[in-house]
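Colleague: return a 3D structure for these sequence lines:
(chains A and B, ligands or ions: 2)
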Amino acid sequence: MIFLSNVYNALEQLVTHRMRSLLTILAIVIAVTATITVVSVVQGFTRYVSNFLEGLGTNAVFVAPQRPAGDAGKSLGRVELNEEDFHAIESQCSALRRVSPWIPCQDVKLRYGRDQITCSVEGVAPSYHTVRNFPVDAGRPFAVMDVERAQQVCVLGREILRKLELDEDVVGGNLLIDGRRFRIIGVLASKGNFFGHSLDDVVLIPYTTALKMYPVFRRHLIVAAQAVSAEAVPEAKAQITNLLRRRHNLAAHQPDDFIVQTQGEILAAFNNVGAVAVSVLAGIVGISLLVGGIGIMNVMLVSVTERTREIGLRKAVGARRRDILLQFLTEAMTLSLLGGGLGIALGYALSTLASLHPHMVDVVVPTWAVLLGFGISAGTGVVFGIVPAVKAALLNPIDALRHE
Amino acid sequence: MKAGTPLLQLQGITKEYQMGTEIVRALRGVDLAIHENEMVAIMGSSGSGKSTLLNILGLLDVPTAGQYWLDGQNVARLSQSALARVRGRRIGFVFQTFELLPRQTAVRNVELPLIYSGTAHRRQLAIEALERVGLADRMKHRPNQMSGGQRQRVAIARALVQRPAILLADEPTGNLDSRTSEEILDLFENLYREGQTIVIVTHEPDIAQRCRRIVCLRDGQVESDEDCGAARPDPGVLMRGGQAP
Ligand SMILES: Nc1ncnc2c1ncn2[C@@H]1O[C@H](COP(=O)(O)OP(=O)(O)OP(=O)(O)O)[C@@H](O)[C@H]1O
Ligand SMILES: [Mg+2]
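Modeller: Ligands and ions are numbered 1, 2, ... in the order given. Predicted structure coming up:
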């Protein structure tokens, strides 16, 4: 009963001092809005990235030559990853199921009939279709023969077809890649895009053919592999590292002259971005809550002073200290929860707005973020409302009634 | 003096205020006993300690020294929340300045003590209390929509709603004109006749005349304490039907 009466009184105060209340809760509104929006966007972003990384292939591991930073790097001789390394990885790493070179050549001229476009051409092995989860859905995928004989055959991504205004009938036709004639043997299934960048804007050719055309890559292969299982990924990484260190004659004190990256590590790197966003958020929220809390404390102290006689009267008609304490705490909580409620509504609105952007994906406000928003606003109300409430509760009835 | 245990009894009550280096003695050893169904006026010149005494009686203030028994219980032994309980249930206080909550209707103002005592049927009891003070038709009015006399009636209804053992009023007509004061006094007299114990602090002799007992304070001490129902048979008082029971 007292609770209902407290809520009634709190709402009455709120309505009476509309402007004052609104200004007081502004900082809390900002804090909760920021929480809801950033959490939702970061979550959407993370989900998006992990979907994309799933698309990289299941349990994928990438190996690339890389000169280590600093003096250690300078002391090394030539840094390279060549075809022999690739074959060694393919044949000796038991934790890997499939291995393919991956030679990404940028800005390659493609000519079909009279149309010419620039795109990226990637030299790969047949296993690449599986490693990268990039199957062919028209025509045929690469065969072992294509690689062994360094055939001039290619598989086109959907975006290439779109750019050249072609359809699947193009399979069997020919086009020119940097002036050489290639036969089109298949079309890749669409992978969609990633932050506005199409993943289908690619032409695949056998890696042997690519090495012939662009010999500079002979020493700079990238290897894409698939571990036998998710649990085998760390083992695969260790096997590759040991193998390459041995092959490259690296002494114990020398750093790796290559980098082995797993899908999980790439995801972790993206998650780092999320973590940075979350810590920035924590900063904004922390400061806003402090400002909001002090605002509430201030307004409640004013309210207690203004209503000292009322407090005296309430005590004269039987209010205990705890009744007065709860009355003013309820008032502070009503303010802060109103701020929280407005913040949640605003956060919803902003998240919805964000998801309307073409490069944003399903931004969903998670329930826990809403609860968190309520939690932090209620917490602020309690923490900063307690001092004025205690002050009111401890007033001595006659002093309060005599207050001018 | 009446027989039986008094409803409230004061013994050697003093109240001192420290004002810088000086000590102000508002009460200097007051002995007083008030029995059930008495109507007592407390008089005395300004600054004689009337309000101080009434606030101590109402448990709003604590004496510096002395004993106070209410219902046979030494109030010095009561905890804060027990004091609040007694203030809410046993004592009804009426102030010179009414002290109504300005934004709440008459009936909600009257309900206030019932909220703190957790009583059921609050609305019903509040309406009954307002009917007792003749304000049944002003229940939904806010204080600023009522006359001074009506406001004081609401305040009296609030003091009565718990059916307190004793009604304490500190210059209840101090802010009212003489005709309205007269009506409020009639109301107090009716309550007294229904059995309500009442203590009224007042400056005005004609108000005191209508009480059955007048306690006069002077410099914080009881100067005189007369039972005027018997000692001073005032025809006016008798005509209004006011014998001491
Ligand atoms: N809070 C206080 N601090 C210091 N002195 C006080 C305080 N309250 C009352 N006094 C002093 O105590 C004395 C008695 O005050 P009290 O209010 O009881 O007088 P009163 O008889 O009610 O007077 P009035 O008829 O003017 O209302 C006065 O001298 C007053 O100055
Ligand atoms: Mg006084």
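
Colleague: which of the helices or strands spans the residue in chain B that chain A sits nearest to?
Modeller: Nearest residue of chain B to chain A (Cβ to the nearest Cβ) works out as residue B:88 at 1.9 Å. For glycine as for every other residue, the C-beta is placed from the backbone atoms N, C-alpha and C. Per DSSP states H and E, residue B:88 falls inside helix B:80-89.

Colleague: test my guess that the residue of chain B closest to chain A contacts residue A:317.
Modeller: Yes: between residue B:88 and residue A:317 a contact is recorded at 5.9 Å, counting by Cβ atoms under 8 Å.

Colleague: which neighbours do these two have in common?
Modeller: When contacts are counted by Cβ atoms under 8 Å, 6 or more residues apart in numbering or on different chains, residue B:88 and residue A:317 have B:113, B:116 as shared neighbours.

Colleague: quick revisit: which elements pack onto the helix holding residue B:88?
Modeller: With contacts defined as 3 or more Cβ pairs under 8 Å, 6 or more residues apart in numbering or on different chains; DSSP states H and E, the packing partners of helix B:80-89 are helix A:308-316, helix A:321-356, helix B:106-117.

Colleague: right, and those - which one's nearest ligand 1?
Modeller: Of all the helices and strands packed on helix B:80-89, helix A:308-316 sits nearest to ligand 1, with 13.0 Å by Cβ to the nearest ligand atom.

Colleague: all helices of the stretch 1-150 of chain A, in order?
Modeller: Counting by DSSP state H, counting those that start in this stretch, the stretch 1-150 of chain A has helices at residues A:2-16, A:18-55, A:70-75, A:83-92, A:128-131, A:144-148.

Colleague: ignore the last one, chain B
Modeller: For chain B, helices defined by DSSP state H occupy the ranges B:50-57, B:80-89, B:106-117, B:122-132, B:148-160, B:178-193, B:205-209, B:228-231, B:235-239.

Colleague: where does pLDDT dip in the chain?
Modeller: Using chain A. A:1, A:195-196, A:359-361 (pLDDT under 70).

Colleague: let's do chain B instead
Modeller: Scanning chain B for pLDDT under 70 picks out B:1-3, B:229-245.

Colleague: quick check: residues of it near chain A?
Modeller: Counting by Cβ under 8 Å from any Cβ of the partner chain, the positions of chain B adjacent to chain A are B:55, B:58, B:60-61, B:80-81, B:84-85, B:87-89, B:93, B:95, B:99, B:101, B:103-104, B:112-113, B:115-118, B:158, B:162.

Colleague: for ChimeraX, write the selection for the buried entries among the residues you listed.
Modeller: Buried residues within those, by 16 or more other Cβ atoms under 10 Å in any protein chain shown, are selected in ChimeraX with:
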select /B:55,58,60,61,84,85,87,88,89,93,95,99,101,104,112,113,115,116,117,158,162
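
Colleague: nearest residue to the residue in the stretch 251-400 of chain A that chain B sits nearest to other than its sequence neighbours?
Modeller: Per Cβ to the nearest Cβ, residue A:318 is where the stretch 251-400 of chain A lies closest to chain B, at 1.9 Å. Leaving out its chain neighbours, the residue that sits closest to residue A:318 by Cβ to Cβ, 6 or more residues apart in numbering or on different chains is residue B:88, at 1.9 Å.

Colleague: which residues touch that neighbour?
Modeller: Residues in contact with residue B:88 (Cβ under 8 Å, 6+ apart) are A:317-319, B:113, B:116-117, B:162.

Colleague: tell me the one of the residues you listed nearest residue A:20?
Modeller: Proximity of the contacts of residue B:88 to residue A:20, judged by Cβ to Cβ, is greatest for residue A:319, which lies at 24.5 Å.

Colleague: that closest one belongs to a strand?
Modeller: No: using DSSP: H, G, I helix; E, B strand; the rest coil, the assignment for residue A:319 is coil, not a strand.

Colleague: for it, phi and psi?
Modeller: Phi and psi for residue A:319, reported as degrees, to the nearest 10, are phi -70, psi 130.

Colleague: OK, contacts around it?
Modeller: Applying Cβ under 8 Å, 6+ apart, we find residue A:319 in contact with A:327, B:84, B:88, B:116.

Colleague: so in chain A, which helix runs the longest?
Modeller: When chain A is parsed with DSSP H, its longest helix is helix A:263-306.

Colleague: tell me which residue in the stretch 151-300 of chain A sits closest to ligand 1.
Modeller: residue A:300 (26.1 Å).

Colleague: how deep is residue A:230 tucked in, by neighbour count?
Modeller: 12 (other Cβ atoms under 10 Å in any protein chain shown).

Colleague: next up, the contacts around it.
Modeller: Contacts of residue A:230 by Cβ under 8 Å, 6+ apart are A:58-59.

Colleague: and the closest residue to residue A:118 other than its chain neighbours, how many neighbours?
Modeller: In space, not counting the residues next to it along the chain, residue A:118 is nearest to residue A:107; the distance is 5.4 Å by Cβ to Cβ, 6+ apart. When neighbours are counted by other Cβ under 10 Å, residue A:107 registers 8.

Colleague: what residues does chain B have near ligand 1?
Modeller: Contacts of chain B with ligand 1, taken as Cβ under 6 Å from any ligand atom, map to B:17, B:19, B:24, B:26, B:44, B:46-52.

Colleague: returning to that earlier point: and the helix holding residue B:88, how far from the chain's centre?
Modeller: Centroid displacement of helix B:80-89 relative to its chain, using Cα atoms, centre = their mean, to the nearest Å, is 16 Å.

Colleague: tell me the buried residues in stretch B:192-210?
Modeller: Using 16+ other Cβ under 10 Å as the test for burial, stretch B:192-210 gives B:192, B:196-202, B:207-210.

Colleague: longest single strand anywhere in chain A?
Modeller: strand A:96-112 (DSSP state E).

Colleague: check which residues of it are buried.
Modeller: Neighbour-count burial for strand A:96-112 flags A:96-103, A:105, A:108, A:110, A:112 (criterion: 16+ other Cβ under 10 Å).

Colleague: what do you get for stretch B:68-82?
Modeller: Buried residues in stretch B:68-82, counted by 16+ other Cβ under 10 Å: B:68-70, B:75.

Colleague: mind checking which of those residues land in strands?
Modeller: The strands, defined by DSSP E, take in B:68-70 from the buried residues of stretch B:68-82.

Colleague: in the sheet, who's paired with the most centrally placed residue in chain B?
Modeller: For chain B, the residue nearest the mean C-alpha position is residue B:168 (1.0 Å; Cα atoms, centre = their mean). Taking DSSP bridges, one finds residue B:93, residue B:199 as the beta-bridge partners of residue B:168.
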